[in-house]
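Trainee: When you get a sec, could you give me coordinates for this:
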Amino acid sequence: MAHTVSSQIGYLVPLKQNSEEEDTSIPKLPLSRGPNTIGRHNIPVPDKRLSRNHLTLTASPDSAPSVNLTVQGTNPVVVKSGGKRKKLSPGDKACIRSGDIIELIPGHHFYKYVLAAHGSQKRASNEGKQVTENERFSRKKIRGESGNDVTPSGVSKVKGKGNGVEDNEEAIRDFRIPDDKLPSTFRLLRVKELPPWANTSCVSITDVIQGDILVAILSNYMVDIDWLMSACPALAKVPHVMVVHGEGDGTLEHMKRKKPANWILHKPPLPISFGTHHSKAMLLVYPRGVRIIVHTANLIYVDWNNKSQGLWMQDFPWKDENNPTERSGFENDLVDYLNALKWPEFSAQLPPIGNFLINPAFFKKFDYSTSMVRLIASVPGYHTGANLKKWGHVKLHTVLQECTFDKEFKNSPLVYQFSSLGSLDEKWMAEFTTSMSSGFSEGKMPLGLGEPLMIWPTVEDVRCSLELVTSGCVELLAKFSNRWAMDNPDFGASHLYICTSCIKRFTLVQGYAAGNAIPSPLKNVEKNFLKKYWAKWRATHTGRSRAMPHIKTFTRYSGQNLAWFLLTSANLSKAAWGALQKNNSQLMIRSYELGVLFLPSAKKTPGSRFSCTKVGSPSKLQDCGSSLHPEVSKTKLVTLRWKGTTEESSQVIPLPVPYELPPPQYTSEDVPWSWDRRYSKKDVYGQVWPRPAL
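Mentor: Got it, this is the predicted structure:
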């Protein structure tokens, strides 16, 4: 049996000044094997004497339970050990043990080194050799070199343990997915300033927008065109670009002035007041095919660099006109949604393919037969008849009704995780939960209602969070402006604006500023009937506990197994999901939304290594069956913290769910974040909320 050893070896626990009492207002710093950099990027105090790389703490299996400290900054550090204080100058080194206290600046910023429970001296001495071997094995897994205890899809397997929870608090380290299985899962976006392990297999915008793009359709709510052009210079070379957006008049005028001449701007019609175009997607056409991306980030700097976000992507080839395939559910979903956007069609010369009109029907020319997801979209309107089942939560209900799930999911719980909350009532919550609970187990028995929890940051989470603001514009940060309040009266007004001219002067700070992108007012958050639903944002295993969520996800789970999982732009609101009217014969939706639904598959599907950009990849789907991964009859969706075994005929698909399951519920001490409340307790940057006017 293979043993798993956590790479976390301990913590730096903040202490109150001249005391050994823990300062709970400041988060603990986890320490992993290897070098740990301590400095301004992770010490939440506004002290310029702290260097960005103030000191390093280096631990190895052979040195546990002690770690080696090296002073890297320009100011001295003090180590208190055995009642004696020793001053270390820049460049000095020392060995510290569990219980020793570090003064980052002499007499200031006290931290105690505490060994993790699994890293005791006894274990280190008795199992030192085993730890060393496992550490070497872990590194192999990170490089993708191990094959015995990791499934082809990248999830660790430990025989005989059952479906328990992974001990490793840094589970995302081992999230390595073969290229042909990437379309079956999603990835998180990279977050600046997080340690490298927390960004394993994560993506940036340049990982997505690349290659010889002929046509780009960029769909989003907020678009900072200055940042977008600087972040993706490849877009300047794309012959045809259309931006489908939700921007208001002020920003739209700026976009018109700054956009390249060949770009088309389109704001879809909003037939019902207070709606928005909120979908976040990209359609990139290449000589070899089309790349479809569905994600959760606005096209602005902070969303692609500092928030917890998710992204799904798959490349599809052109259809073989001599061997037509049936339209898949994915193709129907996509074309129906594109038709609703009503963009102005345009002509595009696509060498060496020919001249085409770029309209929704154009996207029927690609072969989507290998798609392993379904699209769940919302479009504004009053939907009746056949259209009732095409959109919003009724669409999700309809797709789930067609699925058979394992019996372990009967009456299993639900999770709603989102970044803004509409004005809800108990009747609509019951309606929504009914749709989320649909589906059958074996024998066509309904799964039954699940008990939902709503993951939402507490005030303390936001107070201690990571965020970026400009050094010159502290009230800036997110572009949720009065326009958002006008479009979304249920959410309340934002007092903050983005300053694109200052984008190059961003510096890392933390605290209440992050709450500006979690826009829900007190009147929505503090409704009494919601109290039983609140659960905490805890994301230790992905390193994102302090990177506030802009990702939106909905799921049904049992332990670390997932019945289904939805990554979407839709927040928890009637505007996004729709509300049934007229005795459930009509669905009213205000906004455009788009998400991808991951389902367990019970059909044989070939591996899909087709790529629009990778040289040497097959150009047709019939050529890309994977010899490394045989066809399977069933897939199983799991979190990164899953430990277990699976049948030989099944394949495990890991999804990087960023938060813990089950999510810890609020205690009596926890207060849900609302952005229009006053907070006098200073955040980790020394600020109160709202920020004083400049």
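Trainee: From now on I want contacts and neighbour counts done on CA atoms only, so please keep to that.
Mentor: Will do.
Trainee: What score does Cys499 have for pLDDT?
Mentor: If you check Cys499, the pLDDT there is 37.
Trainee: so where do the helices sit in the stretch 101-250 of the chain?
Mentor: Remark: helices assigned in the stretch 101-250 of the chain by DSSP state H, counting those that start in this stretch are 121-143, 205-208, 225-231, 249-258.
Trainee: tell me, which of these is the model least confident about?
Mentor: helix 121-143 (a mean of 35).
Trainee: check which helix or strand covers Ala348.
Mentor: For Ala348, the element it lies in under DSSP states H and E is strand 346-350.
Trainee: which of the residues in that strand are buried?
Mentor: Residues of strand 346-350 classed as buried: Leu350 (neighbour count, 16 or more other C-alpha atoms under 10 Å).
Trainee: Partner strands of the helix or strand that that strand is followed by and their direction?
Mentor: Later in the chain than strand 346-350, the nearest helix or strand by DSSP H and E is strand 354-358. Strand pairing for strand 354-358, using DSSP bridges, gives strand 346-350 (antiparallel).
Trainee: Can I get the partner strand as PDB, trimmed to CA atoms?
Mentor: Extracted as PDB, the C-alpha positions of strand 346-350 are listed here (Å, rounded to 0.1, in the frame of the first residue of the first chain):
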ATOM      1  CA  PHE A 346     -20.500  39.900 -40.700                       C
ATOM      2  CA  SER A 347     -18.500  38.400 -43.500                       C
ATOM      3  CA  ALA A 348     -15.000  36.900 -42.800                       C
ATOM      4  CA  GLN A 349     -12.400  35.500 -45.200                       C
ATOM      5  CA  LEU A 350     -10.900  32.500 -43.500                       C
END
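Trainee: wait, is Thr433 part of a helix?
Mentor: Yes: with DSSP: H, G, I helix; E, B strand; the rest coil as the criterion, Thr433 is located in a helix.
Trainee: contacting residues for it?
Mentor: Applying C-alpha atoms under 8 Å, 6 or more residues apart in numbering, we find Thr433 in contact with 449-450, 452.
Trainee: sorry, back to before: I would like the residues contacting the strand holding Ala348, please.
Mentor: So strand 346-350 is contacted by 214-215, 240, 287, 355-359 (C-alpha under 8 Å, 6+ apart).
Trainee: And the buried ones among the residues you listed, selectable in ChimeraX?
Mentor: Only the buried entries of these go into this ChimeraX selection, using 16+ other C-alpha under 10 Å:
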select :214,215,240,287,358,359
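Trainee: Pipe the contacts of strand 346-350 into CSV and attach pLDDT and distance to Tyr679 per row.
Mentor: Putting the contacts of strand 346-350 into CSV (pLDDT from 0 to 100; distance: C-alpha to C-alpha, whole Å) gives the following:
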residue, pLDDT, distance to Tyr679
Leu214, 97, 50
Val215, 98, 47
His240, 97, 48
Pro287, 95, 54
Asn355, 95, 59
Phe356, 96, 56
Leu357, 97, 54
Ile358, 97, 51
Asn359, 98, 50
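Trainee: So which of the contacts of strand 346-350 is the closest to Val657?
Mentor: Val215 (31.7 Å; C-alpha to C-alpha).
Trainee: how close does that closest one sit to Lys389?
Mentor: Shown here: Val215 relative to Lys389, a distance of 31 Å by C-alpha to C-alpha, to the nearest Å.
Trainee: repeat for Val290
Mentor: Val290 is 27 Å from Lys389, by C-alpha to C-alpha.
Trainee: okay, these two: which has more neighbours?
Mentor: Val290 (26 against 18; other C-alpha atoms under 10 Å).
Trainee: Please, where are all the helices along the protein?
Mentor: 121-143, 205-208, 225-231, 249-258, 301-305, 329-341, 392-401, 426-436, 459-463, 482-487, 522-525, 574-577 (DSSP state H).
Trainee: Which strands or helices does the last one pack on?
Mentor: What it means is helix 574-577. helix 392-401, strand 586-589 (3 or more C-alpha pairs under 8 Å, 6 or more residues apart in numbering; DSSP states H and E).
Trainee: starting at the chain centroid, how far to the last one?
Mentor: Spelled out, it's strand 586-589. 29 Å (C-alpha atoms, centre = their mean, to the nearest Å).
Trainee: For this structure, name the helix or strand with the lowest mean pLDDT.
Mentor: helix 121-143 (a mean of 35; mean pLDDT, DSSP states H and E).
Trainee: Nearest spatial neighbour of Ile272, chain-adjacent residues omitted?
Mentor: Counting by C-alpha to C-alpha, 6 or more residues apart in numbering, Ile272 lies nearest to Arg590, which is 5.7 Å off, once chain neighbours are set aside.
Trainee: Return the distance of the one you found relative to Ala576.
Mentor: Taken as C-alpha to C-alpha, the span from Arg590 to Ala576 is 7 Å.
Trainee: next one: Arg641
Mentor: Arg641 is 30 Å from Ala576, where distance means C-alpha to C-alpha.
Trainee: Gly211 too?
Mentor: 34 Å.
Trainee: Please say which of those two ends up with more neighbours.
Mentor: Legend: neighbour count by other C-alpha under 10 Å for Gly211 and Ala576, higher for Ala576 (28 against 15).
Trainee: and the residue sitting nearest the centre point of the chain, what does it touch?
Mentor: Nearest to the mean C-alpha position of the chain, counting by C-alpha atoms, centre = their mean, stands Gln309 at 2.9 Å. Gln309 is in contact with 188-189, 295-297, 303, 549-552, counting by C-alpha under 8 Å, 6+ apart.
Trainee: Pull out the buried members of those.
Mentor: Those of those that meet the buried threshold are 188-189, 295-297, 303, 549-552, by 16+ other C-alpha under 10 Å.
Trainee: how about those in a markdown table, adding pLDDT and distance to Ser273?
Mentor: Formatted as a markdown table, these follow (pLDDT from 0 to 100; distance: C-alpha to C-alpha, whole Å):
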| residue | pLDDT | distance to Ser273 |
| --- | --- | --- |
| Leu188 | 98 | 33 |
| Leu189 | 98 | 33 |
| His295 | 98 | 25 |
| Thr296 | 98 | 23 |
| Ala297 | 97 | 24 |
| Asp303 | 94 | 27 |
| Pro549 | 95 | 27 |
| His550 | 96 | 24 |
| Ile551 | 98 | 25 |
| Lys552 | 98 | 24 |
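Trainee: ok, and the most crowded of the contacts of Thr433?
Mentor: Greatest neighbour count in the contacts of Thr433, by other C-alpha under 10 Å, goes to Pro452: 22 neighbours.
Trainee: Can you tell me the closest non-neighbouring residue to it?
Mentor: Looking at Pro452 with C-alpha to C-alpha, 6+ apart, the closest residue is Leu414, at 4.4 Å.
Trainee: Would you mind listing where the stretch 551-694 of the chain has pLDDT under the threshold?
Mentor: 602-608, 616, 619-633, 646-649, 692-694 (pLDDT under 70).
Trainee: As a markdown table, the helices and strands packed on helix 574-577 with distance to Thr58 and mean neighbour count would be great.
Mentor: Output for those, formatted as a markdown table (distance: least, C-alpha to C-alpha, whole Å; neighbours: other C-alpha atoms under 10 Å):
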| stretch | distance to Thr58 | mean neighbour count |
| --- | --- | --- |
| helix 392-401 | 49 | 22 |
| strand 586-589 | 54 | 23 |
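Trainee: wait, what's in contact with the closest residue to the residue nearest to the centre of the chain other than its chain neighbours?
Mentor: In space, and not counting its chain neighbours, Gln309 is closest to Ile551: 4.4 Å by C-alpha to C-alpha, 6+ apart. Listed by C-alpha under 8 Å, 6+ apart, the contact set of Ile551 reads 296-297, 307-310, 417-419, 567-569.
Trainee: mind redoing it with 6 Å?
Mentor: 296, 308-310 (C-alpha atoms under 6 Å, 6 or more residues apart in numbering).
Trainee: and if you look at Gly107?
Mentor: Gly107 sits next to no residue when contact means C-alpha under 6 Å, 6+ apart.
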